[in-house]
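[1] pasting the structure only:
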C-alpha cells in the first residue's frame, strides 16, 4: 500500500480546512492541528497549509515514528488502518491494540508467543503478525482490521460520552473511519 496510499486515504477522510468550535484541536487542515503544524515548523496560516507540508508532517509524525513501513511490508491493509487510527486517535493507540489482539488470537501461545504490549512495532510484533497471517491468511487479516475497528468505535463512543461536544463528530467518525476503513 505504502505511505502515499495511506496518506491519500486519510487526507480524503480528514477533509480540508476546519475551525469548528467544538473541536478541541482548534484550527485544522488535512487533520493537522495548528499546534502540531507549529511543532513541525509550519509558520503560515492553517488555511494555507499545503498538501506537501501535510505529507511531510504525517510521514515524520506517524509513519516513520511507528515504523509503519515495516508493518506495510507485511500487511499494507493493516498499515493503512493503523496509520489512519494514529492520525485521529494518537500515535500511542493503534499499535497496542494490534499487539493485544495478536496476543488474544494466538490460541494461548500455541501459534506464536505472547509479546509485551509496548506500543512499538518491532521484531516481536512483526514476527507475531507474520505467524498469525501465515496461519489465518486473508481471512485473518480481515479479522484483525475488524478487531481494530471495534476498538476504534469504542474509543469514539467513550470520547463522546466524556465530552458531549464531541458528539458532533461521532457519526462521521463511525461512518468514515470505522465503517469506511
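    Yep, it's here. Owing to the predicted nature of the structure, the values given are computational and were not obtained by experimental measurement. Numbering: from 1, shown residues only.
[2] In three-state terms, label the residue sitting furthest away from the middle of the chain for me.
    Taking Cα atoms, centre = their mean, the residue of the chain most remote from its mean C-alpha position is residue 110, at 28.6 Å. Of the three states, residue 110 takes coil according to DSSP: H, G, I helix; E, B strand; the rest coil.
[3] any weak-confidence spans in the chain?
    1, 181 (pLDDT under 70).
[4] Mind naming the longest helix for it?
    The longest helix of the chain (DSSP state H) is helix 123-162.
[5] Name the next helix or strand following that helix along the chain.
    helix 167-172 (DSSP states H and E).
[6] can you list contacts of stretch 84-98?
    Contacts to stretch 84-98, defined as Cβ atoms under 8 Å, 6 or more residues apart in numbering, come from residues 6, 9-10, 13-14, 31, 58, 61-62, 65-66, 78, 81-82, 117-121, 125, 129, 144, 147-148, 151-152, 155, 173, 177, 181. In short, each C-beta sits where N, CA and C put it, glycine included.
[7] Let's see the distance spanning it from one end to the other.
    14 Å (Cα to Cα, to the nearest Å).
[8] for it, the distance to its chain's centre please.
    Counting by Cα atoms, centre = their mean, to the nearest Å, stretch 84-98 is centred 4 Å from the centre of its parent chain.
[9] ditto for stretch 39-56
    20 Å.
[10] Roughly how far does residue 6 sit from residue 159?
    23 Å (Cβ to Cβ, to the nearest Å).
[11] Oops, could you answer that again for residue 48 instead?
    Between residue 48 and residue 159 the distance is 29 Å, computed by Cβ to Cβ.
[12] Between these two, which is the more surrounded one?
    Neighbours per residue (other Cβ atoms under 10 Å) separate residue 48 from residue 159, with residue 159 holding more: 16 against 10.
[13] The more buried one reaches residue 167, doesn't it?
    No: using Cβ atoms under 8 Å, residue 159 makes no contact with residue 167, being 9.3 Å away.
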